Every structure is written in C-alpha cells, then in structure tokens.
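Student: Structure, please.
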Amino acid sequence: MELTKIEQLLEKYFEATTTVTEEKALKTYFSKNDVPPHLKVYEPIFAQLIKAKNETFTRRVPLKSKNNLFKWMSVAAAIALLFGIYFLQTKNETLETEYTQEEIASAQEALKLLAFNFEKGSQQISHLQEFEKNTNKFLK
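Tutor: Purely as a prediction, here's the structure:
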C-alpha cells in the first residue's frame with residue numbers, strides 16, 4: 001500500500017471515521033515487517049488490537065444471583081409503595097373535616113415555634129463553624 005494512503009488512513013483512524021475494511025487494511029499493514037521508521041510508533045497499537053481480538057474470556061459467569069434477599073426486599077418495597085398509594089387515594093378526607101380549627105391553629109403555632117428554634121440553632125452552628133475556622137488558623 002502507498003505510504004500516503006496509510007498516512008491518510010491513520011489520520012481517519014484517529015478521527016474515528018474509518019470503516020471496518022480500512023481498519024483491517026491498517027492492521028495488516030502494521031503487522032508486516034517493512035513499516036517505515038516514522039510510522040513504527042503506531043505498530044504496537046495495531047499489534048495489541050490483533051492480540052485483543054484473539055483473546056477469549058475463560059472464567060465461568062454465574063447466571064444465578066447468590067443473594068436473592070435484595071431482590072425480594074425490593075419487590076416487597078414496591079408492593080408496599082403501591083398499597084400506600086392506593087390507600088392514600090381512596091381517603092378523601094381533608095384536614096378541615098378531620099380536625100377542628102382550634103387544633104389546626106395550635107399545630108400551626110407549634111410548627112412556627114419549632115421553625116423559630118431551628119433557626120436559632122442554625123445561627124449557633126454558623127457561629128461554631130466560624131470559631132472552628134479561626135481556631136484552625138491559629139493551630140496551623
């Protein structure tokens with residue numbers, strides 16, 4: 001094969017635009033001993049491709065899972081989820097029919113108090129993080 005044609009095929013190969021027949025031509029060209037010195041660099045690549053084609057996997061592949069527990073747990077979780085969705089959709093009661101206005105108001109007040117205390121705790125954590133950062137500066 002011409003040297004210019006091989007160089008063009010190499011360029012196409014590294015751009016991933018070659019066909020299968022062009023790749024076969026490159027493999028046969030580089031498997032010969034009369035490769036020019038400036039193309040010797042590519043010889044190990046195509047030698048490895050030829051070697052990899054002849055390799056076979058000899059280990060035994062297990063077709064059955066040894067641990068079926070995970071599979072059965074996922075099936076059980078899916079069934080539980082479907083039952084939960086079914087029973088939630090059949091229940092048409094709203095909060096107003098189930099609870100009185102006073103109970104709803106007291107629950108809202110308790111949630112506001114919880115949110116306020118949570119915000120205070122978050123602020124304290126940010127102070128602790130700043131303290132730790134400054135302490136680490138002095139320790140280093």
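
Student: Helix or strand: which one has Asp34?
Tutor: Using DSSP states H and E, Asp34 sits within no helix or strand.

Student: Run a quick neighbour tally on it.
Tutor: By other CB atoms under 10 Å, the residues close to Asp34 number 5. (C-beta placed from N, C-alpha, C; glycine too.)

Student: Give me the phi and psi for it.
Tutor: The phi and psi torsions at Asp34 (degrees, to the nearest 10) take the values phi -100, psi 50.

Student: next helix or strand past the helix-or-strand element of the chain with minimal mean pLDDT?
Tutor: Lowest by mean pLDDT, DSSP states H and E among the helices and strands of the chain is helix 95-98, with a mean of 72. Downstream of helix 95-98, the next assigned helix or strand under DSSP H and E is helix 101-139.

Student: For this structure, list the residue farthest from the centre, please.
Tutor: Distance from the C-alpha centroid of the chain peaks at Glu102, with 49.2 Å (CA atoms, centre = their mean).

Student: Distance of that residue relative to His127?
Tutor: 38 Å (CB to CB, to the nearest Å).

Student: ditto for Gly121
Tutor: 11 Å.

Student: Pull the distance from stretch 47-59 to the chain's centre.
Tutor: 28 Å (CA atoms, centre = their mean, to the nearest Å).

Student: Now do the buried residues in that stretch.
Tutor: By 16 or more other CB atoms under 10 Å, stretch 47-59 has no buried positions at all.

Student: what mean pLDDT would you report for that stretch?
Tutor: Here stretch 47-59 scores 84 as its mean pLDDT.

Student: can you list contacts of that stretch?
Tutor: Lys27, Phe30, Ser31 (CB atoms under 8 Å, 6 or more residues apart in numbering).

Student: Tell me the helices and strands packed up against the least confident helix or strand of the chain.
Tutor: Helix 95-98 is packed against no helix or strand, with contacts defined by 3 or more CB pairs under 8 Å, 6 or more residues apart in numbering; DSSP states H and E.

Student: Good, wrapping up.
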